[in-house]
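Colleague: All I have is the shape, not the residue letters:
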């Protein structure tokens, strides 16, 4: 199946001459299934700060990939929601689950010589704490949060920072995400934009963003990631 310039899993990257050496991952919806925890934390924060009523999580979910405060501004919600949301996210972190196949994928990529990083809409400290809790932090060379760059996704800053820290060029880098903001950030940074389709997301919306590569499950990435040779 091909949609516009999208390449199906198992094909080579579309960028001519591209030789992948590094993979930058989004966190929520790619590495971890955190949506249930996120929904609960958002509902508690909404109730504490806004008051009774149904928290508009579905709208919040449409903006995932951006920094929390940016989403609050877009939605017209109080920035004060961030405090209880972060507090509850830490409290509920043990309920977050790693997607099936992710641990094996990360181990295989490292064995093949790939440089790995995380670029997330979360704050850096919260992302590193969660990955540490799940036993995944040692698998990444760098974990970068939106609070650690000048502009969050969909700006390219966080992907550019990951490349800078990893010491790789754009043509050597893939960015994997499950949101339109991830694809836009990857494209703005000049790297191969990869759509992860294993989360419970609106797949049509993600495909409409025209990613370079579409992956149905984590293991599919290995088909386009040959062992890195010394340069």
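Modeller: The structure has been received and is ready for your questions. Quantities reported herein were computed from a predicted structural model and do not represent experimental measurements. Numbering: from 1, shown residues only.

Colleague: Point to the helix or strand of this structure where mean pLDDT is at its lowest.
Modeller: helix 57-62 (a mean of 90; mean pLDDT, DSSP states H and E).

Colleague: Excluding chain neighbours, what is closest to residue 166?
Modeller: residue 115 (4.4 Å; Cβ to Cβ, 6 or more residues apart in numbering). Heads up, the C-betas are built off the backbone N, CA and C, glycines and all.

Colleague: residue contacts, that neighbour?
Modeller: 21-23, 141, 166-168 (Cβ atoms under 8 Å, 6 or more residues apart in numbering).

Colleague: backbone phi and psi for it, please?
Modeller: The phi and psi values for residue 115, taken as degrees, to the nearest 10, are phi -90, psi 130.

Colleague: now residue 25
Modeller: Taking degrees, to the nearest 10 as the convention, residue 25 sits at phi -110, psi 140.

Colleague: Give me the residues contacting stretch 69-83.
Modeller: Against stretch 69-83 from outside (Cβ under 8 Å, 6+ apart): 42, 45-46, 48-50, 56, 59-60, 63-64, 66, 68, 152.

Colleague: still on that earlier bit, okay, and the beta partners of the residue nearest to residue 166?
Modeller: Here residue 115 sits in beta bridges with residue 22, going by DSSP bridges.

Colleague: From residue 103, how far off is it?
Modeller: To residue 103, residue 115 is 18 Å away according to Cβ to Cβ, to the nearest Å.
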